[in-house]
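Q: from the sequence below, what's the structure:
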Amino acid sequence: MDTAYRVFNTLSDGAVVVSQVTGWEGAGMADPEYLRVLVATPSFWTRLREATRGVGARRERTRPEQFLALRVQMPIIDQQRFGAGVFAQIAALKRLQAGTAVELDALLPSVLGRAFKGEL
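A: Residues are numbered from 1 along each chain as shown. So this is what the prediction gives:
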């Protein structure tokens, strides 16, 4: 297969792919981790769905100009980095909570068994 591309990018689940995006005067900086969290929010997906054309998940497409027309509040880069750190801490706490819930669910039958036997 012939192609004009010199380098190919590897995509992963949840990646945002935008074709032929160019900068414009006054464009700001964006922290990738902040963007990763931002584009995963339900409000972003609702707004993106409104800018999407096509029928069915496999045929839905968003043109670069439609994507760029989405207005997104972007704090300054230092605030983005701070926010990305906070989001990372929240994600870590969610993982800890999920693991704790699994452990507690596993203990519940044992605790109830002992309680019904009058051992507690």
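
Q: hey, C-alpha coordinates of the host helix or strand of Thr46 in PDB?
A: Per DSSP states H and E, Thr46 falls inside helix 42-50. Extracted as PDB, the C-alpha positions of helix 42-50 are listed here (Å, rounded to 0.1, in the frame of the first residue of the first chain):
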ATOM      1  CA  PRO A  42     -20.500  13.400  29.400                       C
ATOM      2  CA  SER A  43     -21.000  17.100  28.700                       C
ATOM      3  CA  PHE A  44     -18.200  17.100  26.100                       C
ATOM      4  CA  TRP A  45     -19.600  14.000  24.400                       C
ATOM      5  CA  THR A  46     -23.100  15.600  24.300                       C
ATOM      6  CA  ARG A  47     -21.600  18.700  22.600                       C
ATOM      7  CA  LEU A  48     -19.600  16.600  20.200                       C
ATOM      8  CA  ARG A  49     -22.600  14.500  19.300                       C
ATOM      9  CA  GLU A  50     -24.400  17.700  18.300                       C
END
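
Q: mind listing what's buried in it?
A: Across helix 42-50, burial judged by 16 or more other Cβ atoms under 10 Å covers Phe44, Leu48. Yep, even glycine has a C-beta here, placed from its N, CA and C like the rest.

Q: so what's the gap between it and the chain middle?
A: 12 Å (Cα atoms, centre = their mean, to the nearest Å).

Q: go on, stretch 75-84?
A: 16 Å.

Q: residues in contact with it?
A: Gly28, Met29, Ala30, Asp31, Glu33, Tyr34, Val37, Met74 (Cβ atoms under 8 Å, 6 or more residues apart in numbering).

Q: got the residues you listed as JSON lines, with pLDDT, distance to Glu119 and secondary structure columns?
A: Conversion of the contacts of stretch 75-84 to JSON lines gives the following (pLDDT from 0 to 100; distance: Cβ to Cβ, whole Å; DSSP: H, G, I helix; E, B strand; the rest coil):
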{"residue": "Gly28", "pLDDT": "72", "distance to Glu119": "63", "secondary structure": "coil"}
{"residue": "Met29", "pLDDT": "80", "distance to Glu119": "61", "secondary structure": "coil"}
{"residue": "Ala30", "pLDDT": "83", "distance to Glu119": "58", "secondary structure": "coil"}
{"residue": "Asp31", "pLDDT": "87", "distance to Glu119": "54", "secondary structure": "coil"}
{"residue": "Glu33", "pLDDT": "89", "distance to Glu119": "49", "secondary structure": "helix"}
{"residue": "Tyr34", "pLDDT": "90", "distance to Glu119": "52", "secondary structure": "helix"}
{"residue": "Val37", "pLDDT": "89", "distance to Glu119": "47", "secondary structure": "helix"}
{"residue": "Met74", "pLDDT": "83", "distance to Glu119": "58", "secondary structure": "coil"}
